[in-house]
Every structure is written in structure tokens, then in C-alpha cells.
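**Q** got a sequence here, can you model it:
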Amino acid sequence: MTTFVTYFIACFLIGSLPFGEIVARLKTGKSLLLPGSRDTRLPGEVFEILGIPTGIIVCLLDCMKGFLAVYPVTVKMIGADAYSQWWVVGIGGILTVIGHCNSPFLGFRGGRGLAPTFGVMVTLLYVPALISLVLGLSLAFWGLSSKPGALSAAGAMPLLSIAWVFLVRPGDINYLYIVAFMSIWTMWEHRSELKNYLGIKTLSSSEVPSTDKEDVSAETDAENSENLENSRNQEKV
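**A** The predicted structure is shown next:
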């Protein structure tokens, strides 16, 4: 049991390694984190800060975190038979993604977990993961944004995994629990974009409609005028 706990902690710490933030600080002196938020900047801004070649390398490093946690590190710490205990590698992969999104090195802030999720899933269910990647990249290129690609890949992954498991690899059926968690996690991390696509908008306190502000202002002016009139009447009496 101690070995499992140590392995889970190692997976979380591997996921927590902030490669993008480190590279951005060293290369440009800028941060990839949004001021006042727990998230990183939009992908376009990230690639603008890092540059496209460096941005691609950082994405690959983040993918490698998921692969390392559920393959070499698993075999080294748990043993070659680790994959007979699906829940061990499953929890390890999940903790890697959670560590990426909540890095203690960044004050428990971080990215949105898509890259390490792919690293985990391509190790466990490589065919559905690769098809989802191609779909995501195609939609991202077509839409000139990573948002539709990320959401589409997260939505396609469980459907493709179910088909793959039932038709080709029935022995991997337990991995579907991990796929479900990863997809739900990705949707949650991209919930603001998903709400926008669904036409659901949440007003912040700074986005109070102007009509309300005008009503409040009018009521205040009316109260002030009434008080002034009362004071004048009292002076006359």
C-alpha cells in the first residue's frame, strides 16, 4: 500500500511540473497565467508568447507527463504486472492530469489538462486517442481555434473508446471509467467555452446592464431632490 501511495504522489508531482511557465519565464520573462485567474492564457496568446516551435515542444512535454506516469514510472514503481490492476494506472493517470491543472509550483493553478490527458489515453487506448487527436486538430485548424477541437476531442473520446473496447479489446473495458473521468474533466475545464457555444452567458458583477444603473441613479437623484425640498420647507416654516 505504501508503494501505491508513493506512486500516486509521484504521478501528481510529475503532472505538476510547469514546463510552459518555466520556458515562458526564461525566454520572455512573461507568465502564461491569466492575472486574477487559475487558468493559463488562451492558446493563441500562449503560442504568441512562446513562439510556435517552442509552443509545440511544450505541448509535447506536457503530453509526455501523462505517458511517463502511466508507463515507465508505473512499471518501475509497481512492476511489470501493474496493468493487471487497471485502477492503479487509472488513478495515476488521473492524478497526473489533476496535478497539471492544479500545480503546487504555481499556487495550485495551471493548464486545462488536455495535453497530459492525451498522454495518458494514448498509452492506455491508443487507437481512440489518436483518432480523437486527429479530429480535434482538424476542427481546431478549420475553426482557427483550439476550443472546438478540444471540446470535440473530449466528446469523441468516450464514444470511440466504447466502440474500440467492445469490438476489438474487450479486456480493456475497465479503462472506460478513466476515459469517462478524463472527458468530464476536460469539459469542466473548458466549461466557459462550452457555455458560450450553447448560448449560455453568465453576467459578472461588472457587467450589470446600464438600464439598471440608470434606474438606481434616477432613484438616488429623486431621493436627494426630495430631501432638499423638505429641508427648504422646514426653513420657510
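**Q** just how off-centre is stretch 108-122 within its chain?
**A** With C-alpha atoms, centre = their mean, to the nearest Å as the basis, stretch 108-122 stands 7 Å off its chain's centre.
**Q** endpoint to endpoint, that stretch covers what distance?
**A** The distance separating the two terminal residues of stretch 108-122, taken as C-alpha to C-alpha, to the nearest Å, comes to 26 Å.
**Q** let me see the mean pLDDT of it.
**A** Model confidence over stretch 108-122, given as mean pLDDT, is 89.
**Q** if you count neighbours, what's buried in it?
**A** Neighbour-count burial for stretch 108-122, with 16 or more other C-beta atoms under 10 Å as criterion, is recorded at 109-122. Every C-beta, even on glycine, is put in place using the N, C-alpha and C of the backbone.
**Q** narrow these to those in helices?
**A** Secondary structure from DSSP state H places Leu114, Ala115, Pro116, Thr117, Phe118, Gly119, Val120, Met121, Val122 of the buried residues of stretch 108-122 in helices.
**Q** let me have those residues in TSV, extended by distance to Val179.
**A** Output for these, formatted as TSV (distance: C-beta to C-beta, whole Å):
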residue	distance to Val179
Leu114	14
Ala115	16
Pro116	14
Thr117	10
Phe118	12
Gly119	14
Val120	10
Met121	7
Val122	12
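**Q** which of the residues you listed lies closest to Cys101?
**A** Within these, distances to Cys101 taken as C-beta to C-beta reach their minimum at Pro116, with 8.7 Å.
**Q** list the contacts of Ile78.
**A** By C-beta atoms under 8 Å, 6 or more residues apart in numbering, Ile78 lies in contact with Thr3, Phe4, Tyr7, Gln85, Val88.
**Q** check Asn174 too.
**A** Contacts of Asn174 (C-beta under 8 Å, 6+ apart): Trp86, Trp87, Gly90.
**Q** and Leu176, by the same measure?
**A** Under the criterion of C-beta under 8 Å, 6+ apart, the contact list for Leu176 reads Pro158, Ser161, Ile162, Val165.
**Q** for Ala10, same thing?
**A** Ala10 makes contact with Ala69, Val73, Met77, according to C-beta under 8 Å, 6+ apart.
**Q** who wins on neighbours among those residues?
**A** For the contacts of Ala10, counting by other C-beta atoms under 10 Å, the largest number of neighbours falls to Ala69: 30 neighbours.
**Q** for that residue, give its distance to Cys101.
**A** In this structure, Ala69 and Cys101 are separated by 14 Å, where distance is defined by C-beta to C-beta, to the nearest Å.
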